[in-house]
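Q: Can you look at this prediction? I've put the sequence above it.
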Amino acid sequence: MSPNVSDGVTSFADLGLRPELLNALSGLGYEEPTPIQREAIPPLLQERDLVGQAATGTGKTAAFALPVLQRMPGDGRGAGPAVLVLVPTRELAVQVSQAFHTYGRALGVRVLPIYGGQPIGWQVKALGRGVDVVVATPGRALDHIGRQTLRLRDVETVVLDEADEMLDMGFADDIEEILQETPEDRQTVLFSATLPPRIEGLTGRYLRDPIRIQMGREAAAPGEAPLVRQSAYVVARAHKPAALGRVLDVEAPTAAIVFCRTRDEVDQLTENLNGRGYRAEALHGGMSQEHRDRVMGRLRSGTAELLIATDVAARGLDIEQLTHVVNYDVPSASDSYVHRIGRVGRAGREGVAITLAEPREHRMLKAIERATKQRIPVEKVPTIADLRARRLELTRATLQESLLGDDLEHFRAVVEPLAEEFDVMEVALAAVKLAYESSGAATDEEEIPEVAQRTGREGRDRGEATGRRDRRGRAPAQGMTRLFFGVGRSGGIRPQDLVGAIAGESHLSGRDIGAIEIADRFSLVEVPESAADEVIRALRRSTIKGRKATVRRERDTANKRSG
């Protein structure tokens with residue numbers, strides 16, 4: 001696409017949008033289009049196919065919603081939808097539907113979100129009354145297609161929003177089946193935070209000569225701090241809960257998501273943090289939709305301040321007041337890291353992304369830096385002195401706010417008698433001490449040991465000398481167990497073969513799977529303890545790269561369990 005397409009575009013009016021849309025945008029306080037909107041809206045108005053790489057929070061929903069609404073006829077609409085938007089999660093379906101409704105209210109646009117967890121009978125009735133825009137999760141869309149309650153023969157535009165997320169969740173076949181139900185001359189729009197090869201494959205099969213746009217977050221001006229401040233702490237696993245508490249105390253987030261690898265880790269960390277005085281809520285795939293809605297309600301209302309979640313459970317969430325994202329473990333893929341930190345720093349607000357890395361994960365941090373072309377500074381875990389200084393600062397700020405704004409007269413009867421017996425400064429110091437000690441989070445009594453980081457040749461030589469000797473003696477990560485697979489390097493087995501077999505035959509996704517070690521004749525794979533038996537049963541009935549393989553718990557692990 002020509003780099004000059006957006007030249008001269010300084011307002012939504014410059015894009016030639018109809019008055020109803022301009023009035024809606026003005027009413028929302030939107031003064032000028034974001035970069036992705038300036039680049040995407042003109043070709044979409046010309047009915048071109050488009051592939052857009054854009055981070056969450058860059059305004060991509062309006063980038064595809066406004067051109068769709070621009071072409072919406074005033075009357076004579078059919079019963080079937082003219083627009084189909086596919087999204088990965090229920091939450092995103094609701095958010096996109098609300099955006100369409102808000103922008104197109106004056107046009108009388110009929111928008112319907114359809115997703116699992118909602119009574120299908122109600123959706124059938126709404127589809128029967130007629131709808132212009134359907135925003136759907138792939139599974140529920142296919143369900144309605146099978147029932148013939150969703151007919152796509154009149155669809156003019158299909159939008160795949162957060163396409164990489166949908167592929168990660170296993171919706172590739174569903175998406176292709178849905179696209180085959182739509183007219184060949186439709187307009188197809190694909191937005192994704194990352195563009196892995198499988199996205200390119202989908203693009204090649206279903207988009208016609210698409211315009212390509214790549215947008216990151218809007219860069220900070222020279223001399224200004226970036227919108228998302230990234231940092232990492234290297235800490236031993238045994239000290240990670242305490243280190244997380246220290247970091248949270250120093251950062252004092254308004255609202256934060258802490259990402260964990262497994263459901264068990266989510267539950268354990270939530271319990272630990274609540275025991276330390278935080279208001280934490282757990283969110284993972286083992287919870288009902290009703291429970292999930294309650295958790296999100298508490299976070300948005302401020303009743304909870306921390307959301308401890310797995311990647312799958314947190315997909316599609318949009319929390320306006322979110323200030324911090326914490327990776328309790330280093331994500332196994334740079335795409336996961338990009339998605340996670342994309343949840344903060346939206347709409348010009350500052351955000352913070354923090355990663356807790358074990359010493360063995362330090363190389364994964366470097367891989368993410370190379371993939372994202374962004375430096376992630378490694379900082380020292382706050383000390384007890386740092387923590388005390390921060391808590392004193394918060395206490396001072398709270399007292400200052402009280403002195404400036406509160407009605408203190410009621411407490412004069414307490415202070416005056418004490419002032420006759422003690423020095424006023426001593427009375428004030430005692431009051432500050434009480435306020436400090438009641439400030440909330442538990443006080444750590446021990447320093448967290450600093451982890452020495454080896455770099456260069458020394459670290460490589462030491463790792464090569466001890467890696468093979470220590471590998472099988474190392475305990476699995478917390479909440480994980482190690483499985484033995486009777487296939488290895490001599491059979492041409494690669495990590496992606498094992499991940500594909502496990503993800504394809506069980507409910508686990510690739511992101512749930514931990515460390516993989518491949519020897520010449522066998523492999524060891526860490527999986528969540530809660531899913532180990534399911535994986536064993538599933539893989540015993542299938543093949544890996546065309547070969548039947550022995551699958552069992554590693555003997556050391558099994559012996560520990562029986563002993």
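A: Sure, I can see it.
Q: Check whether residue 117 really touches residue 289, as I assumed.
A: Yes - using C-beta atoms under 8 Å, residue 117 is in contact with residue 289, at 4.0 Å. C-beta: built from backbone N, CA, C; applies to glycine.
Q: overlap in contacts of the two?
A: Residues touching both residue 117 and residue 289 by C-beta atoms under 8 Å, 6 or more residues apart in numbering: residue 90.
Q: Could you pull up phi and psi at the residue nearest to residue 379 when sequence neighbours are not counted?
A: In space, and not counting its chain neighbours, residue 379 is closest to residue 231: 5.1 Å by C-beta to C-beta, 6 or more residues apart in numbering. When quoted as degrees, to the nearest 10, the phi and psi of residue 231 stand at phi -160, psi 160.
Q: quick one: contacts for the spatially most central residue of the chain?
A: Residue closest to the average C-alpha location in the chain (C-alpha atoms, centre = their mean): residue 340, at 3.9 Å. Shown in contact with residue 340 (C-beta under 8 Å, 6+ apart): 257, 259, 311, 325, 327, 331, 353.
Q: What is the burial count for the residue nearest to residue 379?
A: Burial measure for residue 231: 14 neighbouring residues, criterion other C-beta atoms under 10 Å.
Q: again with residue 355
A: By other C-beta under 10 Å, the residues close to residue 355 number 26.
Q: what's the next secondary structure element after whichever strand or helix holds it?
A: According to DSSP states H and E, residue 355 maps onto strand 351-357. Downstream of strand 351-357, the first helix or strand assigned by DSSP H and E is helix 362-372.
Q: Put the alpha carbons of that next one into PDB.
A: Coordinates of each C-alpha in helix 362-372 appear next as PDB, following Å, rounded to 0.1, in the frame of the first residue of the first chain:
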ATOM      1  CA  HIS A 362      16.800 -16.200  31.100                       C
ATOM      2  CA  ARG A 363      17.600 -17.400  27.500                       C
ATOM      3  CA  MET A 364      13.800 -17.300  26.700                       C
ATOM      4  CA  LEU A 365      13.800 -13.600  27.700                       C
ATOM      5  CA  LYS A 366      16.600 -13.000  25.200                       C
ATOM      6  CA  ALA A 367      14.700 -14.800  22.500                       C
ATOM      7  CA  ILE A 368      11.600 -12.500  23.200                       C
ATOM      8  CA  GLU A 369      13.900  -9.400  23.000                       C
ATOM      9  CA  ARG A 370      15.200 -10.600  19.600                       C
ATOM     10  CA  ALA A 371      11.700 -11.400  18.300                       C
ATOM     11  CA  THR A 372      10.100  -8.100  19.500                       C
END
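Q: Pull out the buried positions in that helix.
A: 362, 364, 365, 368, 369, 372 (16 or more other C-beta atoms under 10 Å).
Q: Equivalent analysis for stretch 203-212, please.
A: Neighbour-count burial for stretch 203-212 [16+ other C-beta under 10 Å]: 203, 206, 207, 210, 211.
Q: Inside strands: which ones of those residues?
A: residue 211 (DSSP state E).
Q: ok, of the buried residues of stretch 203-212, which one's closest to residue 486?
A: Lowest distance from residue 486 to those (C-beta to C-beta) belongs to residue 203, with 38.8 Å.
Q: list the contacts for the closest one?
A: 51, 190, 210.
Q: Surely the first one and residue 215 touch.
A: No - the pair residue 51 / residue 215 is not scored as a contact, 11.6 Å apart, by C-beta under 8 Å.
Q: Strands along the stretch 101-250 of the chain, start to end?
A: Using DSSP state E, counting those that start in this stretch, the strands of the stretch 101-250 of the chain run over 111-114, 133-136, 157-160, 187-192, 211-215, 228-234.
Q: Tell me the buried residues in the last one?
A: Put plainly, it is strand 228-234. 228, 229, 230, 232, 233, 234.
Q: Flag the shaky bits of the stretch 451-563 of the chain, pLDDT-wise.
A: 451-475, 477, 555-563 (pLDDT under 70).
Q: Show me where the stretch 401-550 of the chain has its strands.
A: Taking DSSP E, counting those that start in this stretch as the criterion, the stretch 401-550 of the chain contains strands spanning 480-485, 516-518, 523-528.
Q: now do the stretch 251-400 of the chain
A: 256-260, 280-283, 306-310, 324-327, 351-357, 378-379.
Q: which other helices and strands contact the second one?
A: The criterion is 3 or more C-beta pairs under 8 Å, 6 or more residues apart in numbering; DSSP states H and E, and the helices and strands that strand 280-283 contacts are helix 263-275, helix 289-301, strand 306-310.
Q: Could you do the third one as well?
A: In terms of contacts (3+ C-beta pairs under 8 Å, 6+ apart), strand 306-310 is packed against strand 256-260, helix 263-275, strand 280-283.
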